[in-house]
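# just coords:
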């Protein structure tokens, strides 16, 4: 658990060393997060086993030619954002083509990037918002694009009860304490007075490893329901950890 590193090819992964870079400030839009016109034609980066959450950071190392082209086009157009979405099961048979992908995902702003001498890229995305993708025709491009429909990831968060939030944080803290036994610097990354939607998304990112469980949380727009679902998943994880601990080392 902890910071994730993903590669643009599921068959390989490399360490990251991403330097800061500066960009001009984008104009304010109705989203107050990204220029609205960027969402009309958004670059899409589908990956296996990767579910990206708003409010979190995702480091990426890009080396496939089609995704190098994606990055160059984003930088050339000044549209410093892309959607990262989970490939559906069975993608392996058509990975180099256009395999089925989840429609609900997160759009992220390119916070930092570094182009390497051989044309590969290191970058860090910052999750901005949940979106629903409506894929666009290929039009001769090697990578995929979509129109992104903004989704309300803060739905009914004013209805989250203090008890529900306390239960989630307490359960997550128990898992965090176990993780810190082997990773002393591990942090849950949230505070009790953080907005409930942020608490849920951050804890899901930090603690859930299973892509299907992560996707289920991402797709749950109702925040009280998201917190119930996440609390159940983390409690299940805690039970598995405690069960393994009781078994002791294999002889």
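Everything's here; your move. The structure presented is a predicted model; accordingly, all values stated were derived computationally and were not measured. Numbers count the residues shown, from 1 in each chain.

# hey, let's count contacts and neighbours off CA atoms from now on
Will do.

# who touches stretch 174-189?
With Cα atoms under 8 Å, 6 or more residues apart in numbering as the test, stretch 174-189 has contacts from 1-2, 172-173, 202-203, 206, 234, 237-238.

# mind picking the lowest-pLDDT entry from those?
On pLDDT alone, residue 2 ranks lowest of those, at 40.

# can you pull out the helices in the chain?
With DSSP state H, the ranges of helices along the chain come out as 65-77, 162-179, 196-207, 211-219, 223-247.

# ok, which of those comes nearest residue 141?
Shortest separation from residue 141 across these is recorded for helix 65-77, at 8.3 Å, computed as Cα to Cα.

# can you spell out which helices and strands pack onto the closest one?
Using 3 or more Cα pairs under 8 Å, 6 or more residues apart in numbering; DSSP states H and E as the contact definition, the elements that helix 65-77 packs against are strand 42-47.

# same question for the strand it packs on, mean pLDDT?
Strand 42-47 comes out at a mean pLDDT of 97.

# pairing partners for that strand, with directions?
Partners of strand 42-47 in the sheet, by DSSP bridges, are strand 81-86 (parallel), strand 144-150 (antiparallel).

# okay if I get those strands as a markdown table plus mean pLDDT and mean neighbour count?
As requested, the strands paired with strand 42-47 are arranged in a markdown table below (pLDDT from 0 to 100; neighbours: other Cα atoms under 10 Å):
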| stretch | mean pLDDT | mean neighbour count |
| --- | --- | --- |
| strand 81-86 | 97 | 25 |
| strand 144-150 | 97 | 21 |
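
# in JSON lines, list the ones you listed along with distance to residue 59.
As requested, the strands paired with strand 42-47 are arranged in JSON lines below (distance: least, Cα to Cα, whole Å):
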{"stretch": "strand 81-86", "distance to residue 59": "12"}
{"stretch": "strand 144-150", "distance to residue 59": "20"}
